[in-house]
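Here is the input, now give the coordinates:
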Amino acid sequence: MFQRVWVAIGLVGIVTGHVLAQDADQVAVGEQVFKRCVVCHKIGEGAENGTGPALTGVIGRTAGAAEGFDFSEGMVAAGEDGLVWDDENLMSYLANPKAMVPGTKMIFAGLKSEDDRRAVIAYMKASGG
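Numbering: from 1, shown residues only. From the prediction side, this is the model:
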């Protein structure tokens, strides 16, 4: 009986460790992909607005509502219509920003790879997004 319990605990530990390693790998990939974004966006403690808004605290924030950034009318309207940045909305926006928010100032065409988008979101979360 006790052997089964220890085996079960050991398996949970292995699975948990594997998941944590996958998460760390995804964050590392996201950091590399985010290098395409860093020209306009900063994230993390002390990040400031640049060409694009700082992305610290973006997850859970209403679109077009970051302090001190002059958003496009399209982004402000999207926020007024209820757009809040969560994983699902970020996945859509990062795939094709102009299709999701017509009139956005963001000139980036988007990340076609779903894996890249997921990795960037994981990196953003790990960096205070």
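
start to end distance for stretch 65-77?
For stretch 65-77, the first-to-last residue distance is 10 Å (C-alpha to C-alpha, to the nearest Å).

In this structure, what residue spans correspond to helices?
2-34, 73-80, 87-95, 97-100, 114-126 (DSSP state H).

so what secondary structure elements neighbour the fourth one?
The elements that helix 97-100 packs onto, with contact taken as 3 or more C-beta pairs under 8 Å, 6 or more residues apart in numbering; DSSP states H and E, are helix 87-95. For every residue, glycine as well, the C-beta is placed using N, CA and C.

Which positions within the helix it packs on qualify as buried?
Asn89, Leu90, Met91, Ser92, Tyr93, Leu94, Ala95 (16 or more other C-beta atoms under 10 Å).

just stretch 45-59 next, same as before
Ala47, Asn49, Gly52, Pro53, Ala54, Leu55, Thr56, Val58, Ile59.

Could you find which two of those residues are furthest from each other?
Asn49 and Ile59 (17.1 Å; C-beta to C-beta).
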